[in-house]
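Trainee: heads up, no residue letters with this:
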């Protein structure tokens, strides 16, 4: 049995707000396996981003994380800053939605890329510059030699996202965490970046975590998906199985309510009623209960935990669907 | 005379950019909307789809007379909106309403929800008593899925989806003939998006209101509109009935846009199924000569550099602007 790259156990994240602690993430456990692409899907407030910000030690100052995050057996949750600094940007690469804030505005992009290669790969300045150029070629930046001298503000949104990916991938990391990397981009540019990520995933050994609100984005990209709701993991399984037979009523509802290019537009979409819970007022039981047509008294009282079912599938529901 | 509710004829919208030189000689204009024509009939939804800078929002604003067109005409039931007198304009304002993308910033934070929803009646139906206004406001709140007891709360107490319901209530309370929805569901969570789309569809079925539904999201536009206008850098690429557009896109840009939408199908891998156009959208300050799409078009030829393709009718209610459509994709 191969050890997973990342092993996350009982990860919880809370934020201090006044004299209250708001639970943003509750008891999340999952593995990220070697060379897999895992999709983390959820709406705003589902905890999908905070889970990984916590794992990487990037929570806001009022945030607190408990539980365990093992990177190749080494505990990294709340690890000292110098250890995390060494891991981030070297073994664990990150790409965010807003590429402009992820790049240093006053440094030429060639310098930023080369600095990472010098620092983490021990390259000489000349080697590092060559590596930087190679990375810009890999992410398909036109005129890469000239672009090395560009500042981030001189690049379009799509180009900046490519540079972010180059920066995250320059040290051939074990894990690439991409948090809504295409959400701010135009459709045709989103398609370019998704193709790039899919290509990188196939041609490198890097495991990819794709955090998104868009199920369509993960469908053709990810091997497995974790669905989150109200700070909790609600369903985990192989992408194809989740799409063909969701176990959690929320997953099923999401899939049904998505407008896609293959639905019949004359038929009304079955929308999920109600709205996602406010994390300052989470219910005692299942966070989805008040929107769920299968909910009973038990769901209002008892919060269901993510429990393994057949075929490496897990679901957090007292009354799951049968998956057919 | 047609029975179109709204006719847009050869509309141009220009914005002055830069302050110009000492003598004003260096003043430049950005053409946000270029020679756009279409009609909206009573009870139908026209979708406008395109990427950043395609002019879709400027077009919406020109129709509402919120920006002044620099050329062409907008006819509302046959009357030119730029030539309307004050009284006609006031009537127009109640007949056309708008719902914006950012629900919270388009609601006055200092007014209660009840005041916000009743306000248009104060302006457009001054003959109503306070009691009648209140009654209409409560009916409208309930119609859009809010509760009457929410009327005394302020917008910041509501979620994005609820704020959008408030915006829709405010728009619908004056019984408009047309609502312009400018990215009205784009900022909403997936599970809320379908609710708001369905609310708009229901309201249309009940009241016969026409919609101009502006969005960058093709799947949402397909769900909402019967006809779709595809724009790129201010220009019309294709105007087509919905099913024809999605089943058989004739313009290379329409084809590229549709091909760029990831399908929610785990059997289709991204690299195999997604078609990605090369390059990015050029700056609208210096658009390409000839066909504005030619710098990214996989089918561009020297003819596309030399001249702007004229709009041609491909079928009933279906026009497009491409030099090569006859020979492509057959």
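Mentor: Nice, I can see it. Since we're looking at a predicted model, the values are computed, not measured. Numbering: from 1, shown residues only, chains lettered A, B, ... in the order given.
Trainee: how about the helices in chain B?
Mentor: B:56-63, B:86-95, B:113-124, B:130-143, B:160-172, B:190-207, B:218-224, B:242-247, B:252-259, B:270-273, B:302-306 (DSSP state H).
Trainee: need the ones you listed in a markdown table with distance to chain A and mean neighbour count, can you?
Mentor: No exception for glycine: its C-beta is placed from N, CA and C like everyone else's. Shown next, in a markdown table, are those (distance: least, Cβ to the nearest Cβ, whole Å; neighbours: other Cβ atoms under 10 Å in any protein chain shown):
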| stretch | distance to chain A | mean neighbour count |
| --- | --- | --- |
| helix B:56-63 | 12 | 23 |
| helix B:86-95 | 27 | 14 |
| helix B:113-124 | 16 | 20 |
| helix B:130-143 | 15 | 16 |
| helix B:160-172 | 6 | 24 |
| helix B:190-207 | 4 | 20 |
| helix B:218-224 | 4 | 24 |
| helix B:242-247 | 6 | 18 |
| helix B:252-259 | 6 | 23 |
| helix B:270-273 | 4 | 17 |
| helix B:302-306 | 18 | 14 |
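Trainee: Tell me how far the spatially closest residue to residue B:250 that is not a sequence neighbour lies from chain A.
Mentor: Nearest non-adjacent residue to residue B:250, counting by Cβ to Cβ, 6 or more residues apart in numbering or on different chains: residue B:325, 5.0 Å away. Using Cβ to the nearest Cβ, to the nearest Å, we find residue B:325 at a distance of 19 Å from chain A.
Trainee: Residue B:325 - how many residues pack around it?
Mentor: Other residues near residue B:325 come to 18 when the count uses other Cβ atoms under 10 Å in any protein chain shown.
Trainee: go on, residue A:80?
Mentor: 9.
Trainee: mind checking pLDDT for residue 114?
Mentor: The chain I'm using is chain A. Here, the pLDDT recorded for residue A:114 equals 96.
Trainee: wrong chain, I was asking about chain B
Mentor: pLDDT at residue B:114 comes out at 96.
Trainee: So which residues of chain A form helices?
Mentor: A:48-55, A:81-87, A:99-102, A:109-121, A:125-138, A:144-147, A:157-169, A:187-203, A:215-219, A:239-244, A:249-257, A:297-301.
Trainee: wouldn't the residue nearest to residue B:250 be in contact with residue B:314 here?
Mentor: Yes - contact criterion Cβ atoms under 8 Å: residue B:325 and residue B:314 qualify, at 7.0 Å.
Trainee: Now residue 191: closest residue in space, sequence neighbours ignored.
Mentor: Reading this off chain A. Per Cβ to Cβ, 6+ apart, closest to residue A:191 is residue B:260, 3.7 Å.
Trainee: oops, I was thinking of chain B
Mentor: Residue nearest to residue B:191 in three dimensions, not counting chain neighbours: residue A:272, with 4.5 Å by Cβ to Cβ, 6+ apart.
Trainee: Other residues contacting stretch B:112-121?
Mentor: Residues outside stretch B:112-121 that contact it (Cβ atoms under 8 Å, 6 or more residues apart in numbering or on different chains) are B:94, B:97, B:107-108, B:111, B:128, B:133-134, B:136-138, B:140-141, B:146, B:150-155, B:158, B:166, B:169-171, B:173-174.
Trainee: Can the lowest-mean-pLDDT helix or strand in chain A be said to contact chain B?
Mentor: For chain A, counting by mean pLDDT, DSSP states H and E, helix A:99-102 ranks last in confidence among helices and strands (a mean of 78). No - using Cβ under 8 Å from any Cβ of the partner chain, helix A:99-102 stays clear of chain B, with a minimum separation of 13.6 Å.
Trainee: which residues sit against that helix?
Mentor: A:94-96, A:152-153, A:157, A:160-161, A:163-164, A:167.
Trainee: Mind doing that once more with 10 Å?
Mentor: Residues outside helix A:99-102 that contact it (Cβ atoms under 10 Å, 6 or more residues apart in numbering or on different chains) are A:94-96, A:152-153, A:155-165, A:167-168, A:179, A:181, A:184-185.
Trainee: And it, what's buried?
Mentor: Buried residues in helix A:99-102, counted by 16 or more other Cβ atoms under 10 Å in any protein chain shown: A:99, A:102.
Trainee: For the one residue sitting closest to the centre of chain A, give me its contacts.
Mentor: Taking Cα atoms, centre = their mean, the centroid of chain A lies closest to residue A:211, which sits 2.6 Å from it. When contacts are counted by Cβ under 10 Å, 6+ apart, residue A:211 touches A:38-42, A:46, A:48-49, A:51-52, A:95-97, A:177-181, A:183, A:218, A:226, A:228.
Trainee: For the residue in the stretch 1-150 of chain B positioned nearest to chain A, grab the count of nearby residues.
Mentor: Closest to chain A within the stretch 1-150 of chain B is residue B:51: 3.9 Å, counting by Cβ to the nearest Cβ. Number of residues near residue B:51 (other Cβ under 10 Å) recorded here: 21.
Trainee: and what of residue A:27?
Mentor: Residue A:27 has 18 nearby residues by other Cβ under 10 Å.
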